[in-house]
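Peer 1: Have a look at this fold, sequence not included:
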């Protein structure tokens with residue numbers, strides 16, 4: 001019975017992660033090549049991908065390791081780059097309930113891509129929710145670490161131009177957004193997210209808009225959710 005539970009979860013999780021496989025393989029290779037160009041042995045890039053698993057922060061970490069030791073600056077920089085995960089975590093509180101010890105790995109391994117899949121996937125009744133989210137997270141990390149390993153081990157032999165490959169992940173998020181839009185009965189959340197992002201982009205600029213946009217989204221959607229809950233209570237009475 002346990003084996004069937006794992007098999008069902010993997011079978012349902014793997015197709016969902018195929019676009020991530022394509023994106024993470026190339027981006028992971030790019031990171032491995034980048035670390036190789038900085039003079040780091042492959043083991044450093046591989047272990048950083050395995051233990052940090054923070055995408056853009058891993059690229060920044062390469063330069064931090066070569067610069068003067070400043071833990072306070074490194075902490076603030078990391079917080080700024082990955083602050084969005086605070087909001088991811090809050091939104092996944094209900095999803096991670098009753099997942100047992102798997103919850104600790106789900107928290108550790110939650111990246112943008114795993115968050116999107118785990119928060120939007122419609123999971124059939126015959127698939128265990130906790131194991132589905134676990135395997136989505138695990139597969140995505142395997143893709144990233146594998147790409148990093150290839151790039152760092154064979155970086156000197158890779159000579160083709162990889163510029164522009166990072167757009168794969170942007171295209172992936174656009175496709176996921178469109179799919180989610182088609183599933184929604186009420187488009188308020190999606191429209192609010194687009195509008196808030198556009199306004200924050202104009203006010204704060206491309207490098208600074210993500211954090212304020214996510215804070216405003218969280219506040220707006222929290223108020224909307226609270227009002228809906230009040231209306232539901234009144235209706236039930």
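Peer 2: Here it is on my side, so go on. This structure is a prediction, so every number in the text was calculated from the model and none was measured.

Peer 1: The residue lying closest to residue 91 once chain neighbours are set aside: which element?
Peer 2: For residue 91, ignoring the flanking residues on the chain, the nearest one in space by Cβ to Cβ, 6 or more residues apart in numbering is residue 119 at 6.6 Å. The C-beta positions use only the backbone N, C-alpha and C, and glycine is treated the same way. Using DSSP states H and E, residue 119 sits in helix 112-120.

Peer 1: Can you give me the domain assignment for the chain?
Peer 2: According to automatic domain parsing, the chain comprises the domains 2-165, 184-237.

Peer 1: hang on, residue 87 packs against residue 214?
Peer 2: Yes - taking contacts as Cβ atoms under 8 Å, residue 87 lies within contact range of residue 214: 4.9 Å.

Peer 1: So for the two, which residue has more residues nearby?
Peer 2: The neighbour comparison of residue 87 against residue 214 (other Cβ atoms under 10 Å) goes to residue 214, with 20 against 15.

Peer 1: so what's residue 126 up against?
Peer 2: Shown in contact with residue 126 (Cβ atoms under 8 Å, 6 or more residues apart in numbering): residue 8.

Peer 1: how much space between it and residue 39?
Peer 2: Going from residue 126 to residue 39 by Cβ to Cβ, to the nearest Å gives 51 Å.

Peer 1: Residue 77 too?
Peer 2: Residue 77 is 21 Å from residue 39, by Cβ to Cβ.

Peer 1: quick one, which of these two is more surrounded?
Peer 2: Set residue 77 next to residue 39 and count neighbours by other Cβ under 10 Å: residue 77 wins out with 15 against 9.

Peer 1: Mind picking out the helix or strand in this protein with the poorest mean pLDDT?
Peer 2: helix 167-183 (a mean of 66; mean pLDDT, DSSP states H and E).

Peer 1: Just say helix, strand or coil for residue 31.
Peer 2: Following DSSP: H, G, I helix; E, B strand; the rest coil, residue 31 is assigned to helix.

Peer 1: what's it in contact with, if anything?
Peer 2: Applying Cβ under 8 Å, 6+ apart, the residues near residue 31 are 45, 49, 58-59, 147-148, 151.

Peer 1: Now do the residue nearest the centre of the chain against residue 125, distance only.
Peer 2: Nearest to the mean C-alpha position of the chain, by Cα atoms, centre = their mean, lies residue 112 at 1.3 Å. Going from residue 112 to residue 125 by Cβ to Cβ gives 28 Å.

Peer 1: Ok, residue 30 next?
Peer 2: Note on residue 30: its distance to residue 125, by Cβ to Cβ, is 40 Å.

Peer 1: low pLDDT regions in this protein?
Peer 2: The chain contains residues with pLDDT under 70 at 1, 156-173, 175-176, 179-180, 183, 226-237.

Peer 1: now the helices for it?
Peer 2: Ranges of helices within the chain are 2-37, 42-51, 56-66, 71-82, 84-91, 102-108, 112-120, 129-153, 167-183, 188-204, 210-236, based on DSSP state H.

Peer 1: Tell me which residues are up against the fourth one.
Peer 2: Okay, so that is helix 71-82. Under Cβ under 8 Å, 6+ apart, the answer for helix 71-82 is 54, 56-57, 60, 64, 211.

Peer 1: Compile these into CSV and extend it with columns for distance to residue 7 and neighbour count.
Peer 2: Output for these, formatted as CSV (distance: Cβ to Cβ, whole Å; neighbours: other Cβ atoms under 10 Å):
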residue, distance to residue 7, neighbour count
54, 30, 18
56, 34, 13
57, 34, 17
60, 39, 15
64, 42, 16
211, 40, 17
